[in-house]
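Participant: here is my input, please return the structure:
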Amino acid sequence: MSADSTMLTERRSGSDRINWIQSVPFFLVHLVPLAAIWTGVQRRDVWLCIGLFYARMFFISGGLHRYFAHRTYKTSRVFQFIMALGGTFAAQKGPLWWAGWHRWHHRFSDKPSDVHSPQRGFWWAHVGWILTNRYKDTKVELVKQWVRYPELRWLNRWYWIPPTILAVAVWALGGWSALVIGFFLSTVLLYHATFFINSLAHLIGWRRFETDDTSGNSLLLALLTMGEGWHNDHHHRAWATKQGAKWWQIDLTYYVLWFLSLFGIVWDLTRHPRQTKTIEEGRAA
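Facilitator: Numbers count the residues shown, from 1 in each chain. The predicted model follows:
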């Protein structure tokens with residue numbers, strides 16, 4: 001039985017239903033920022049919110065996505081762990097879970113087996129799929145090269161520990177308002193900025209390349225997610241460290257990785273070939 005047939009059969013069995021009880025913590029995280037009514041908001045809380053948002057976005061983009069999901073560059077085992085740890089601070093489950101399901105998405109992008117295609121609706125692609133029981137386990141068979149590292153397996157199993165430690169540290173150093181705005185609000189914003197790549201990036205944007213999915217490019221999403229918004233380019237060349245195919249496509253994650261490469265922390269960064277046939281060039285031919 002094909003993956004698409006299996007997916008359709010499991011959907012009919014009801015395995016895609018949202019588990020509302022187990023999803024309560026997810027929804028509570030969204031409500032916590034409302035506590036700012038009582039804690040107040042200081043300027044430092046806002047700066048902390050912005051700082052934690054982009055710091056953790058880098059680890060999602062440069063670590064969980066470009067390294068663990070696509071291996072677009074190389075690094076040492078120590079920095080590999082740092083990237084994985086940084087990714088877990090984002091409270092988006094473990095690095096192996098994240099990378100495994102993202103690889104599955106690329107394998108079946110916008111087809112029936114895709115886990116978060118907007119073909120099933122915006123809500124499903126944006127957040128619905130992660131609230132079901134069906135996708136809670138790690139796709140171990142798709143991340144075999146990472147499973148052999150015990151430290152990555154540990155982070156994947158105990159993924160809730162790093163963000164909990166971060167939350168406690170923020171509270172201890174900045175108080176309740178820092179926790180509510182600096183940690184929880186930035187976490188909620190981080191959730192949806194990441195989710196927009198699964199949903200909006202397959203509904204809006206312009207297309208440079210003919211791909212067998214609905215991925216598009218968006219400057220707004222690229223700025224919000226440190227370069228992930230060049231989604232059509234990414235689906236065309238998933239192995240490229242720099243998401244955008246052209247030099248002018250802003251990619252903050254790539255710039256940070258390039259800077260790290262100057263010190264030998266990462267290496268073998270990859271980019272799109274200069275001569276790459278676009279949709280317009282393909283039609284002209």
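Participant: what bits of this protein have low per-residue confidence?
Facilitator: 1-15, 275-285 (pLDDT under 70).
Participant: that one: strands as residue ranges?
Facilitator: 74-75, 266-267 (DSSP state E).
Participant: quick one: which of those is nearest Q243?
Facilitator: With CB to CB as the measure, strand 266-267 is the member of the strands of the chain nearest Q243 (15.8 Å). In short, each C-beta sits where N, CA and C put it, glycine included.
Participant: got the contact list for the closest one?
Facilitator: 73-75, 79, 257, 260-261 (CB atoms under 8 Å, 6 or more residues apart in numbering).
Participant: what pairs with it, and is each one parallel or antiparallel?
Facilitator: Strand 266-267 pairs in its sheet with strand 74-75 (antiparallel), by DSSP bridges.
Participant: can you show me the helices along the stretch 1-150 of the chain?
Facilitator: Under the criterion DSSP state H, counting those that start in this stretch, helices of the stretch 1-150 of the chain are mapped to 3-12, 24-31, 36-39, 43-58, 77-88, 95-107, 122-126, 144-147, 150-157.
Participant: now the angle from the fourth one to helix 77-88?
Facilitator: Compare the direction of helix 43-58 with that of helix 77-88 by axes from the mean of the first three to the mean of the last three CA atoms, to 10 degrees and you get 120 degrees.
Participant: report the buried residues of helix 43-58.
Facilitator: For helix 43-58, a neighbour-count test (16 or more other CB atoms under 10 Å) marks 45, 48-49, 52-54, 56-58 as buried.
Participant: from the chain's centroid, how far away is it?
Facilitator: Relative to the mean C-alpha coordinate of its chain, helix 43-58 is positioned 17 Å out (CA atoms, centre = their mean, to the nearest Å).
Participant: list the helices and strands it packs on?
Facilitator: The contact analysis (3 or more CB pairs under 8 Å, 6 or more residues apart in numbering; DSSP states H and E) places helix 43-58 against helix 77-88, helix 161-177, helix 186-198, helix 252-261.
Participant: and for the nearest residue to Y67 once chain neighbours are set aside, the neighbour number?
Facilitator: Excluding the flanking residues, the one nearest Y67 by CB to CB, 6 or more residues apart in numbering is M83, at 5.7 Å. M83 is flanked by 21 other residues according to other CB atoms under 10 Å.
Participant: M83 and E151, how far apart?
Facilitator: In this view, M83 and E151 are 12 Å apart by CB to CB, to the nearest Å.
Participant: returning to that earlier point: export the strands of the chain to a markdown table and append columns for distance to L142 and mean neighbour count.
Facilitator: Formatted as a markdown table, the strands of the chain follow (distance: least, CB to CB, whole Å; neighbours: other CB atoms under 10 Å):
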| stretch | distance to L142 | mean neighbour count |
| --- | --- | --- |
| strand 74-75 | 20 | 16 |
| strand 266-267 | 23 | 18 |
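Participant: can you list the ones you listed in CSV and add distance to L34?
Facilitator: Shown next, in CSV, are those (distance: least, CB to CB, whole Å):
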stretch, distance to L34
strand 74-75, 40
strand 266-267, 40
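Participant: looking at the ones you listed, which is nearest to G87?
Facilitator: Between G87 and the strands of the chain, the shortest separation by CB to CB is 13.5 Å, and it involves strand 74-75.
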